[in-house]
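Chemist: what follows is a protein structure lacking sequence information:
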């Protein structure tokens with residue numbers, strides 16, 4: 001008989017920053033933390049859009065965003081993203097832990113967090129992306 005077993009479907013949120021820093025387990029975020037994370041990420045992307053961007057943005061507009069991202073000093077945006085991620089992780093790892101990581105290690109972790117907390121929401125049955 002098929003059924004749902006939580007521990008088989010939802011893995012513990014562990015991280016290991018060896019050789020740069022420590023390791024640990026992210027406490028399960030609350031629904032409010034996840035909503036704040038989603039809002040924070042959306043606001044960061046909106047901030048990258050040119051001011052005259054229509055609400056029905058197309059692939060061309062997204063290309064503009066990528067170009068803007070690649071040519072702009074992104075230190076402030078990166079810091080805001082690290083704060084949003086550390087908040088959804090209940091500061092385990094903290095902003096300082098994330099900020100101390102080398103760029104590629106930091107980006108890999110950020111990608112994992114986004115994939116864990118944003119992508120599944122978009123791919124749920126009955127949800128449009």
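Modeler: Sure, I can see it. Bear in mind that the values here come from a model prediction, so they are computed numbers and not experimental data. Numbering: from 1, shown residues only.

Chemist: report how many residues lie close to the closest residue to residue 14 other than its chain neighbours.
Modeler: Taking C-beta to C-beta, 6 or more residues apart in numbering, and ignoring the residues beside it in sequence, residue 14 has residue 25 as its nearest neighbour in space, at 5.0 Å. From N, CA and C alone the C-beta is placed, and that goes for glycine too. As a burial measure, residue 25 scores 11 neighbours (other C-beta atoms under 10 Å).

Chemist: show the pLDDT at residue 25.
Modeler: The predicted local distance difference test score for residue 25 is 95.

Chemist: which residues touch it?
Modeler: 12, 13, 14, 15, 92 (C-beta atoms under 8 Å, 6 or more residues apart in numbering).

Chemist: my read: the second one touches residue 24, true?
Modeler: By that I understand residue 13. No. The pair residue 13 and residue 24 fails to qualify as a contact (C-beta atoms under 8 Å) at a distance of 9.3 Å.
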